[in-house]
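Asks: Sequence isn't available, so here's the structure alone:
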């Protein structure tokens, strides 16, 4: 069971428990309300307590922040999942190119979220999972899931203010500038399903890149997005006439074995200790094709 603990200090003496939970543990009113209606959700000195309780110095406050998950079911297929990082509050895994992130028509068991869910249940660590962002089916790289709503809320907040950041590697056609920023707005195409387009009436989007290598045919870029629009990197790179290799939606016909876009680095702060975490991830299917292109 995941329990959040706090020992009241002298400054907390005579403070209302609900107020302490908000200012010391940074819980929202909604999160506190959920704990109130959970059995043993809020304990003070090992006893259930209401939120109007007046706190005393040295009180031990314990919150049951984990959540029940659905029962495990047999699934017709299992894929190997590479775990990059895991705590009681979150799990970070590698998503291969070609694996859908979430269930959708035609894809259920063959999706990353269902496979990670099944793996944790098989190993006796079953928990609800909350995706923090997502990756396109053909994009590989780092994927993050929170294990309960409090961690999810804090990680989403980090993402919104720029603490949680992903960096991507993209192999694109042509020799780009050494660095650049693209700010074209993006919207859904009205006449094609699951397609996006550059349009002045779209949502604001910002992508920056730095070239790591370039020749006449290809450039390898490090890319950072400052907004999270669907297909943003793919749309933006195509808009400056440097489409991503292997992009059959927005790019040009080529011989790339896959979409050459990979989320290679993730940085964030632990949602409870604020310790910085930096993770990196490789994908050999991309690396081998990049080496081939560099050799040209």
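Replies: Nice, thanks for sending it over. Predicted model, so just to flag it, every value in this text is computed and none were measured.

Asks: How far away from the center of its chain is the host helix or strand of residue 293?
Replies: Element membership for residue 293, per DSSP states H and E: helix 284-294. For helix 284-294, the separation from the chain centroid amounts to 25 Å (computed by CA atoms, centre = their mean, to the nearest Å).

Asks: quick one: buried residues of the longest helix seen in the chain?
Replies: Of all segments of type helix in the chain, defined using DSSP state H, the longest is helix 149-161. Neighbour counts over helix 149-161 (16 or more other CB atoms under 10 Å) mark 149, 150, 151, 152, 153, 154, 155, 158, 159 as buried. The C-beta positions use only the backbone N, C-alpha and C, and glycine is treated the same way.

Asks: Adding distance to residue 8 and pLDDT as columns, could you present the residues you listed in a markdown table?
Replies: Shown next, in a markdown table, are the buried residues of helix 149-161 (distance: CB to CB, whole Å; pLDDT from 0 to 100):
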| residue | distance to residue 8 | pLDDT |
| --- | --- | --- |
| 149 | 24 | 92 |
| 150 | 20 | 95 |
| 151 | 23 | 96 |
| 152 | 27 | 96 |
| 153 | 24 | 95 |
| 154 | 22 | 96 |
| 155 | 27 | 97 |
| 158 | 27 | 97 |
| 159 | 31 | 95 |
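
Asks: could you dump the residues you listed to JSON lines with distance to residue 251?
Replies: Formatted as JSON lines, those follow (distance: CB to CB, whole Å):
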{"residue": "149", "distance to residue 251": "38"}
{"residue": "150", "distance to residue 251": "40"}
{"residue": "151", "distance to residue 251": "36"}
{"residue": "152", "distance to residue 251": "34"}
{"residue": "153", "distance to residue 251": "37"}
{"residue": "154", "distance to residue 251": "37"}
{"residue": "155", "distance to residue 251": "32"}
{"residue": "158", "distance to residue 251": "32"}
{"residue": "159", "distance to residue 251": "27"}
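
Asks: Name the nearest of those relative to residue 252.
Replies: residue 159 (32.0 Å; CB to CB).

Asks: care to break the protein down by domain?
Replies: If you go by automatic domain parsing, the domain ranges for the chain are 3-64, 166-263+290-294.

Asks: So which of those is the most surrounded?
Replies: domain 166-263+290-294 (a mean of 18; mean count of other CB atoms under 10 Å).

Asks: Residue 85: which of the domains of the chain is closest?
Replies: Comparing those by CB to CB, domain 166-263+290-294 comes nearest, at 13.7 Å.

Asks: Does residue 30 lie in a helix or a strand, and which?
Replies: With DSSP H and E as criterion, residue 30 is part of helix 29-36.

Asks: partner strands of whatever helix or strand comes next after that helix, parallel or antiparallel?
Replies: Past helix 29-36, further along toward the C-terminus, the next helix or strand under DSSP H and E is strand 42-44. Next to strand 42-44 in the sheet, as set by DSSP bridges, lie strand 47-48 (antiparallel), strand 60-64 (antiparallel).
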